[in-house]
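Visitor: with the input below, show me the fold.
(chains A and B)
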Amino acid sequence: MSSAATNVIELDVRTDEMLVNMGPQHPSTHGVLRLVLRTDGEVVSEVMPHIGYLHRCAEKIGENLTPRQYIPYTDRMDYLAGMNMNVGWALTVEKLMGLEVPEKGRHLRVIISELGRIASHLVGMGAYGLDLGSFSPFLYAFREREKILDLFEEVCGARLTYSYLTVGGATADFPPGWIDKCLAFLDQFVPVIDEYHTLLTTNSIFIRRTAGIGVMPGEMAIDYGCSGPVLRGSGVNWDLRRDGEPIYTSMYEGYDWEVVCQTNGQYPSVYTAPNVPTEAVLGDCWHRFYVRMLEVVQAISLVRQGIEKYRTAEGDFGQPVKLTQKLPVGETYLETECPRGQMGFGIVSDGSAIPWRARARSSSFANLSVVPDLCQGCLIADVPAIVGSLDLVMGEIDR
Amino acid sequence: MAKLLNQCLDWIASWVGGSLPDDSLLGYVLAALIYVALLLGLVATSALIFIWLERKVSGRIQDRLGPTRVGGKFGWLQTLADGMKLLTKEDLVPGDADKMLFRLAPYISFCASLAAFIALPFAGRDFPFVAQHLNIAVFFVLAVMGLEVFGVILAGYASASKWSLFGAMREAAQVVSYEVPMGLCVVVPVMLAGSMDLVFLGDKQQGWFTNWYLFHDPFTFLVFWVYFTCGVASVNRAPFDLAEAESELVAGFHTEYSGLRWSFFFMAEYGSMLAVSILAAILFLGGWNGPIPIAGLLGLTWENGPVLGYLGNFLGMINVIAKGFLLVTVMIWVRWTLPRLRIDQVMTTCLKYCTPLAAVMFVGAALWHTTLPDRVFLGLLQAPEVNRRLTERLPDHSLDVQAIEQGTIAQGDAL
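Guide: The predicted structure follows:
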């Protein structure tokens, strides 16, 4: 399947270009993204993203609160992966303070953040189905996501904005019996993934709509600062859980896993999934979607390993940190591998309990920046397909 | 019907010493009103049921319950409640809209979809259940349903919204794509029967399900699926719902519509779904002839008198409607399963795949029909006696044409 229509210039038919606003209220812009499309008929010649509709001064608020008080605000950045945001901020503060989380807390964080990754990728996958006009996968994805949210609710009482993982570890240990429920969920979830593959990944219409669309070569992805599944979908073997800073990679020490990325034309064979169709080109929408699906399988395996390690781990689930704990003078920045990519947090401290400057670096923002390039000359129907495959969350972009 | 009514009126008039000629206008008007009421009832009720069915089926497909409260346990009256809600909604016309066309468009769509039912028979044989028995019914139904697209294009143009305009343009591109293969598919059963008369077509498939044109030969079997694909495209259902493509065009051509006007588009869509399905049922699935000829086995035929004949016809009508509903359910099932195609892919599917396929099937069926004329059920069985007797009994159309040309019978009385 070749890419979208090429720009055909018809000399005998004079038509005007049309500027169309896609968003901020539009079914497929995932929140409040506004895209201004310059179209010639169905062919899109230019896409201009406009952002800022969800700006909530999150960074400024970080300069008025102590790091532990700031945790709930990180939830609200990437609201689909609150747990991963929590852990990103917590690790940054811990890096500044030179704090080390006990063994048990470390495995707890892995379990929770990988569950968060599954939940987030489920939304990404389901919403992508919606973008392409397939309604049912969305409901199937949410059905499973609800079960993860039930698990999260049990550990922290919240279903969306958890504030569970915090500086020093977590706010509480797993309740009794939770581990078994989690394992039971994973056991029933594994066969469900095949349903998703049937409905989307291997569906012939789905392949036609995504394979060869929005192709982004690896160098381009690096140039734009893309990260996460978007980067790995372009064949760049880079995952902060392996390639990140020691304070983050040590979390995953002792875990047996592979980065989901096509190297030498092959995806890691440890994660079973349907074969890559011949139409798919590395870096297209299909590959980005596929990487997410494989990462779900990867996350399941990581959760399982985490549970085993958690059961035998020493120490406590966390180490108490005072709410008004003074921060050491200094500056620190740390990026972690969130479901959508590399989420970075930065702190500049002047020695008080409240950071002098708090900074968040959004992965979706960099991922969004490729939209004008990828959508050049595509059809209108491809715009949701391309934007959806980047799996943007506006809360994170606007902060 | 009109003549019967006139005779009744004449009989009533005779009480007061008056008389009414057989071809009085009064009877025709009354007959038309009765037909319209019946067909409107059918279309509106079916739309109500389909919307309810759509919600229930999609609910079950998506692991939900669907409506459960309104009208008892199964939410029977949910559609009615929604209809009332739509009635009470503000009827909004955008400021920049072409107001007349904007108001007109939904009715055009709805009328076109409803008008197709004029020529769709629900039972055949000696007294066909059809509002207007046309000997070119197939052509009429296709032509009238093709008009529905004007409503969509007008709505898109008149809305003064860019999204609506996109929807309208897509519909225009789509209509030229699916009409061609659809026409080719419909020609196959027409060729096999040698008539465009839907009543004749249905009667021709009398007997067991082996006589259905679906099973006539391998070519007709395939051509049915091509027809169904094009049929889904013609009623703008997923995966061909490009004109309203929610995730791309917000709501496409009916983005700016609200309230009752919007619901007219909705009714038109469901009406067309039923029309396309009933047409498929008559052309390929034996029409009023069930898989097992229960009516024939029980003796509910016109040979045994009009009462039993009518009963047989009623059974046939249930058959037609059941087949129509079945096909509509399949459309609903498809909609909630598949992603949407892109506009160029729709055109590719229809023009590059469906059209040649339908053409090849047409040639194949024609060759089959000339070389193995009396074979049914994928060519495995000898056609039963009943078929041949039927063909002899039914009128020859070439004679009709001659008679019309000679002026011995009026066009409407042919057949």
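Visitor: pLDDT score for B:Gly296?
Guide: Looking at B:Gly296, its pLDDT stands at 72.
Visitor: ditto for A:Tyr128
Guide: 90.
Visitor: who are the packing partners of the strand or helix carrying it?
Guide: Per DSSP states H and E, A:Tyr128 falls inside helix A:103-131. Secondary structure elements in contact with helix A:103-131, counted by 3 or more Cβ pairs under 8 Å, 6 or more residues apart in numbering or on different chains; DSSP states H and E, are helix A:82-97, helix A:136-156, strand A:165-166, strand A:169-170, helix A:178-196, helix A:285-312, helix A:382-390. Every C-beta, even on glycine, is put in place using the N, C-alpha and C of the backbone.
Visitor: tell me which residue is most central in chain B.
Guide: Chain B has B:Ala275 as the residue nearest its centroid, 1.8 Å off, counting by Cα atoms, centre = their mean.
Visitor: return the backbone torsion pair for the residue of chain A at minimum distance from chain B.
Guide: Proximity of chain A to chain B (Cβ to the nearest Cβ) peaks at A:Gly133, 2.8 Å away. Taking degrees, to the nearest 10, you get phi 90, psi 10 for the backbone angles of A:Gly133.
Visitor: same check on A:Arg38?
Guide: Dihedral angles for A:Arg38 - degrees, to the nearest 10 - are phi -100, psi 110.
Visitor: the closest residue to it other than its chain neighbours: neighbour count?
Guide: Among residues not flanking A:Arg38 along the chain, A:Glu46 sits closest, at 4.0 Å (Cβ to Cβ, 6 or more residues apart in numbering or on different chains). Using other Cβ atoms under 10 Å in any protein chain shown, A:Glu46 has 15 neighbouring residues.
Visitor: list the helices and strands the one helix or strand A:Glu46 maps to packs on?
Guide: If you go by DSSP H and E, A:Glu46 is part of strand A:43-50. Identification of packing neighbours for strand A:43-50 by 3+ Cβ pairs under 8 Å, 6+ apart yields strand A:34-40, helix A:371-374, helix A:382-390.
Visitor: ok so, going back, nearest to B:Gly296, out of the helices and strands packed on helix A:103-131?
Guide: helix A:136-156 (42.1 Å; Cβ to Cβ).
Visitor: and that closest one, what's buried?
Guide: Neighbour-count burial for helix A:136-156, counted by 16 or more other Cβ atoms under 10 Å in any protein chain shown, picks out A:136-142, A:144-145, A:147-149, A:151-152, A:155-156.
Visitor: contact residues of chain A facing chain B?
Guide: A:4-5, A:18, A:20, A:26-28, A:41-42, A:129-136, A:139-140, A:143, A:199-200, A:203, A:205-206, A:208-209, A:379-384 (Cβ under 8 Å from any Cβ of the partner chain).
Visitor: got a PyMOL select line for the buried ones in these?
Guide: Entered in PyMOL, the line below selects the buried ones among those, by 16+ other Cβ under 10 Å:
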select buried, chain A and resi 4+5+20+26+27+28+41+42+129+130+131+132+133+134+135+136+139+140+199+200+203+205+206+208+209+379+380+381+382+383+384
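Visitor: count of neighbours near whichever residue of chain B sits closest to chain A?
Guide: Nearest residue of chain B to chain A, counting by Cβ to the nearest Cβ: B:Arg340, 2.8 Å away. Counted with other Cβ under 10 Å, the neighbours of B:Arg340 add up to 25.
Visitor: try A:Ile71
Guide: Applying other Cβ under 10 Å, I find that A:Ile71 has 24 neighbouring residues.
Visitor: contact partners for it?
Guide: A:86, A:89-90, A:163, A:166-167 (Cβ atoms under 8 Å, 6 or more residues apart in numbering or on different chains).
Visitor: before we move on, what about B:Lys99?
Guide: Contacts of B:Lys99 (Cβ under 8 Å, 6+ apart): B:93, B:158.
Visitor: so what's it scoring on pLDDT?
Guide: 85.
Visitor: next one: the one 3 residues further on
Guide: Taken from the predicted model, the pLDDT recorded for B:Phe102 is 89.
Visitor: burial count for it?
Guide: The burial count for B:Phe102: 22, using other Cβ under 10 Å.
Visitor: so it touches B:Ala155, yeah?
Guide: Yes. Using Cβ atoms under 8 Å, B:Phe102 is in contact with B:Ala155, at 7.2 Å.
Visitor: B:Ala44 against B:Phe264, yeah?
Guide: No. Under the criterion of Cβ under 8 Å, B:Ala44 makes no contact with B:Phe264, lying 11.2 Å away.
Visitor: so those two - more neighbours on which side?
Guide: Ranked by neighbour count (other Cβ under 10 Å), B:Ala44 and B:Phe264 place B:Phe264 first, with 23 against 15.
Visitor: who does the helix or strand hosting that one touch, helix- and strand-wise?
Guide: Using DSSP H and E, B:Phe264 falls within helix B:259-283. Where contact means 3+ Cβ pairs under 8 Å, 6+ apart, helix B:259-283 is packed against helix B:25-61, helix B:78-88, helix B:99-115, helix B:137-158, helix B:162-193, helix B:198-204, helix B:218-234, helix B:306-335.
Visitor: before we move on, back to that, residues contacting the residue of chain A closest to chain B?
Guide: Contact partners of A:Gly133, counting by Cβ under 8 Å, 6+ apart, are B:238-239, B:241, B:245-247, B:338-340.
Visitor: buried ones among these?
Guide: Using 16+ other Cβ under 10 Å, the buried members of the contacts of A:Gly133 are B:238-239, B:241, B:245-247, B:338-340.
Visitor: span of stretch B:198-212 from start to end?
Guide: 14 Å (Cα to Cα, to the nearest Å).
Visitor: I misspoke; the intended subject was stretch A:307-325.
Guide: Stretch A:307-325 end-to-end distance (Cα to Cα) = 31 Å.
Visitor: buried stuff in stretch A:159-171?
Guide: Buried-residue list, stretch A:159-171, by 16+ other Cβ under 10 Å: A:161-171.
Visitor: if you count neighbours, what's buried in the helix or strand A:Ala366 falls within?
Guide: Element membership of A:Ala366 [criterion: DSSP H and E] is helix A:363-368. Under the neighbour-count criterion of 16+ other Cβ under 10 Å, helix A:363-368 has A:363-368 buried.
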